[in-house]
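Enquirer: Model the following, please.
(chains A and B)
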2 protein chains.
Amino acid sequence: MTLTTFQGATGNSSFTAKAKSVQERLESSIPDYLRLPASILKNLPLDVTGIPESCGLLTSSELAITELDATTICQRIARGELSSVETVTAFGKRAAIAHQLTACLTDFFLEEGIAQAQELDAYYKREGKVIGPLHGLPISIKDFIPVKGRWLSAGFIGTLQVSEDDCDMTSILRQLGAVFYVKTNQPQGKMTMECHSFYARTVNPYNSKLSSGGSSGGEGALIALKGSCIGVGTDVGGSIRGPSAFCGIYGIRPTSLTTPMGGYVSSPAGQDGVHGSTGPMCRSAQDMAMFLHALSGADPYLLDPSLMPLSFDLPDLTQRKLRVGIMVHDQWITPHPPMLRALRMAREKLIAAPNVEVVEFEPYKHIYGYNLAVEMFFEDDGKTFGDMLEEGGEDATPLTEWIIQASPAIKDHDAIEMWNLHDKRDSFRRAYSDHWNRTGCDVVLCPPYPGVASQHDTAKYWGYTTIWNVLDYPGTVFPTGLTADPAIDVVPTSFISMSDADLEHHQLYAKDPQVYAGAPIALQLVTKRFGDGFLLAAQRIVEEIIKN
Amino acid sequence: MTLTTFQGATGNSSFTAKAKSVQERLESSIPDYLRLPASILKNLPLDVTGIPESCGLLTSSELAITELDATTICQRIARGELSSVETVTAFGKRAAIAHQLTACLTDFFLEEGIAQAQELDAYYKREGKVIGPLHGLPISIKDFIPVKGRWLSAGFIGTLQVSEDDCDMTSILRQLGAVFYVKTNQPQGKMTMECHSFYARTVNPYNSKLSSGGSSGGEGALIALKGSCIGVGTDVGGSIRGPSAFCGIYGIRPTSLTTPMGGYVSSPAGQDGVHGSTGPMCRSAQDMAMFLHALSGADPYLLDPSLMPLSFDLPDLTQRKLRVGIMVHDQWITPHPPMLRALRMAREKLIAAPNVEVVEFEPYKHIYGYNLAVEMFFEDDGKTFGDMLEEGGEDATPLTEWIIQASPAIKDHDAIEMWNLHDKRDSFRRAYSDHWNRTGCDVVLCPPYPGVASQHDTAKYWGYTTIWNVLDYPGTVFPTGLTADPAIDVVPTSFISMSDADLEHHQLYAKDPQVYAGAPIALQLVTKRFGDGFLLAAQRIVEEIIKN
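Expert: Coordinates of the predicted model:
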């Protein structure tokens, strides 16, 4: 049944048997009435984004609902113009289709979602008001984030389990009125920039030869195909921003420890080197703010003592000039031609805008900071990963193998070595902050990845996102509206590489520009720690200028 | 010259020679006109707090100035009623006396302070306004906190150095108008609850048989003797609150990473297990708020990316009932009779107060949390401490020896063990927060230490303060106005110990209640993380009730 494109991780015979049963459980959860005909599945184009509309499984009303963003849906439900049941049904049906096209799901429980939606509709009818700001809104959830009674894993088959309870995030979202109906794929161990797990490989909806990104790649593909309007991802090295960029949607990695991760299944827990963060992936800029406002309004810091209170209020930036730094490359890996074109276009438009001042932003020791992050991710020399793989009889996927084996930064640490490493991190953060302060930038516009979506098993450099994780600067990714076009994005006649890795990365594009055709081009906007509200406001200004 | 009471840490011949030269450098910095006559020094009473007034070295005007708190001083200087030079001179002279009585200083540079004060007075005269909210205010600084051009150590003789620059804290305070004139003693490694370094042992001004507390014990003794109205301490296990309690002054450990520690000499740096904090030690409740407001007004988080913005604004609590939990003991160590008396008095008065609701606060696994903290302090099995001692030929002081040798929690850790340990910390924090939330308490009133100031080398349990460090709850200590009185604070006829350590602690008092006579009794008030402003407001209410 599974398309070869979606071939998941491999392992020993015990793994293979278990993976088969897991995949069958998942496939059998898609009811027959939502199955795409074999005629479609056997002849899938590289770009499957038109199929939900053309396949005939969705009514015109359902198609219309799934075009809406989360903010609009919440508003319409609150005004009684839309029911939760019809909304959840529409997105659930479309999610089933999206899954058959990209292998983006790990759990499908539309009936449970509809039952929850019925209760919410009944509440609305009875009380004449919504139960909370997310009343009736379907939200998709990344696999390793617990939803009560649903399947979960930490990205290894050996960690597969059914959640006994909601975690803080899903509990709060549920209290705010959200409805859950699907969980989404993530790569092995959640620590690669693509999405290749024991469930499957999630492919890019715009081009199945390309990755949906990782680790929140199931969310990326699902939301791009409008099988969800908003989902919850996590990001410790780029896992929200990478797949958002690859799939042409919006995503924000908030400053860490401001949004609730209590109850998330960490492997391993207790790491203080680089803190993860959790946030929305969605289809509009306003949805990022809407989600974060609703969440912070629930005061999660009162529940989870690791969190800091942060309002996410958007300041009024209309009365001032926004100082935007542009960073074209990080002095280590040169972005591919489509990304360079988007940056040129952005620079030109921003320079022409009266309310913006553009400066060139010089990166400060990005490869050093990136290597610190990678070293902190695997302070145990990858032993925990190895144990998890062994426990499930699971082979390391090519990218897991690569990150652990290929990185010179990864080694075993004792206490003093870890203290020294974290001290280096703190010194780097201070030096970077001093550097940033000297530039006077409000925000920095830069690539989220040195190109568009990667070819499978080639996303070997996370530096453009991970650098902001090690600094803990919030970052948002948004689509430019441009897509990769080999006719315009020609391979440069000469290329001076900044590193061996740069040359290798360059050749991925130079050898076959055509393979990237049609992939969305996204940009990343970042600001300093705790500037999340400012960032959301600035992103709207920058996007509006770029798209006008 | 040094009194035997003040005998500092010991070491090999190289250490002894260096320590002698260091002590001589310090002693020679006290000018002759500020030297107490031998007649006084040879016949020091146990309680030396009356000597600054009686010794004749201070004018009545200087005595009057040194009675003022920092807030009042700033107000008077701002109104032109007081000059910075006369203020700094008065406190500087009194600090020299305090040092001769308690060995509280590590550096004395009154002339430099006066020169700085002259510039500030000239500015005020020229501009007709203050340079900042701390204009002209003398502030004492703990030894390991850098002040440009002044001596500094991390509590080991091998780390002795002259600071090339101010750190963030002293740089900001200087910009706000503060004047520096002395640095203050801390114990070896800054990791004991007493104050015994290669400089000297700082004794308690109220009773030289007792400790001034640690690690910010020099500050404690100096401020209690009014040789400073406000000083800067640090606290990773109780180092602000312990000496504040022992010396009968005010102190607050703010939520960590809200006040600037950039540039502080950490040994070792890079520890993420329990974060230290820095804050004021002073002689009035309003001074804690004044200091923290002035500091946060300088937006230190823009300078130091490890910091979170926190306003320290005091909410208006007059329109509500304050729910105060009272915790008499932590189920591990029973407080000595003077402390129990203060708690009884406080409970009675709080119960009678119309604006307070009193509940019994049950401690939640305090010894477990305390042991986690101790394990995190020394994740390297104390190797770094050992290296520092060896480098300087320095012997471990009895309490250094005790903390590292006697604690079953201390052992070497690899990366996975450290992750597990920090995961236990996070789980404990969550469980404690859930517990606290269930009680509905706004604040908890508890002992800062299971007794009054300790006899030398006996302060072996920091649990009453350290538990709030591992939780990162802000805590403030304030004097009750009571002092230990063996005639009232009688040894109970029967004692049921909660632990072996409890029995040992009990016997310290039971064997000789008289030795504690006259020591101030302080209480500690704590609240949840980031509730610092709330805590400051609540402390005033609680103190007012207790003292009326």
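
Enquirer: Under the pLDDT cut-off, which ranges of chain A? List them.
Expert: For chain A, the stretches with pLDDT under 70 are A:1-2, A:267.

Enquirer: Kindly recompute the last result at 90.
Expert: Low-confidence segments of chain A, defined by pLDDT under 90, are located at A:1-5, A:265-268, A:403-410.

Enquirer: what comes up buried for stretch A:37-54?
Expert: A:40, A:44, A:47-49, A:51-53 (16 or more other C-beta atoms under 10 Å in any protein chain shown). Heads up, the C-betas are built off the backbone N, CA and C, glycines and all.

Enquirer: among those, which are in helices?
Expert: By the criterion of DSSP state H, membership of the buried residues of stretch A:37-54 in helices covers A:40, A:51-53.

Enquirer: Which one of these is nearest to chain B?
Expert: A:Pro52 (41.3 Å; C-beta to the nearest C-beta).

Enquirer: What are the neighbouring residues in contact with A:Thr87?
Expert: Neighbour list for A:Thr87: A:65, A:73, A:77, A:117, A:136-138 [criterion: C-beta atoms under 8 Å, 6 or more residues apart in numbering or on different chains].

Enquirer: same thing with A:Ala19?
Expert: Listed by C-beta under 8 Å, 6+ apart, the contact set of A:Ala19 reads A:8-9, A:11, A:157, A:198-199.

Enquirer: Redo those residues as a markdown table? Include secondary structure.
Expert: Output for these, formatted as a markdown table (DSSP: H, G, I helix; E, B strand; the rest coil):
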| residue | secondary structure |
| --- | --- |
| A:Gly8 | coil |
| A:Ala9 | coil |
| A:Gly11 | strand |
| A:Ile157 | helix |
| A:Phe198 | coil |
| A:Tyr199 | coil |
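
Enquirer: Chain neighbours aside, what residue packs nearest to the single nearest residue of the stretch 251-400 of chain A relative to chain B?
Expert: As assessed by C-beta to the nearest C-beta, chain B sits closest to A:Gly270 within the stretch 251-400 of chain A, at 3.1 Å. Distances taken as C-beta to C-beta, 6 or more residues apart in numbering or on different chains place B:Asp423 nearest to A:Gly270, at 3.1 Å, with adjacent residues excluded.

Enquirer: I'd assumed A:Ser306 was in contact with that neighbour.
Expert: No - B:Asp423 lies out of contact with A:Ser306 (C-beta atoms under 8 Å); the separation is 11.5 Å.

Enquirer: ok, these two, which is more surrounded?
Expert: Comparing B:Asp423 with A:Ser306 by other C-beta atoms under 10 Å in any protein chain shown, the one with more neighbours is A:Ser306, at 19 against 16.

Enquirer: quick one, phi/psi of the residue lying closest to that one once chain neighbours are set aside?
Expert: The spatial neighbour of A:Ser306 that comes closest, neighbours along the chain excluded (C-beta to C-beta, 6+ apart), is A:Leu257 at 5.7 Å. A:Leu257 adopts backbone torsions of phi 60, psi 30, taken as degrees, to the nearest 10.

Enquirer: so A:Leu257 touches A:His275, yeah?
Expert: Yes - the criterion here is C-beta under 8 Å, and A:Leu257 meets it with A:His275 at 5.9 Å.

Enquirer: Can you pick out the residue with more neighbours from those two?
Expert: A:Leu257 (18 against 15).

Enquirer: Could I get the contacting residues of that one?
Expert: So A:Leu257 contacts A:275, A:277, A:306-308 (C-beta under 8 Å, 6+ apart).

Enquirer: And A:Asp69, by the same measure?
Expert: Each residue near A:Asp69 by C-beta under 8 Å, 6+ apart is listed here: A:229-230, A:282-284, A:286-287.

Enquirer: Repeat that for A:Gly251.
Expert: With contacts defined as C-beta under 8 Å, 6+ apart, the neighbours of A:Gly251 are A:216, A:233, A:235, A:240-241, A:243-245, A:279-282, A:288, A:476-477.
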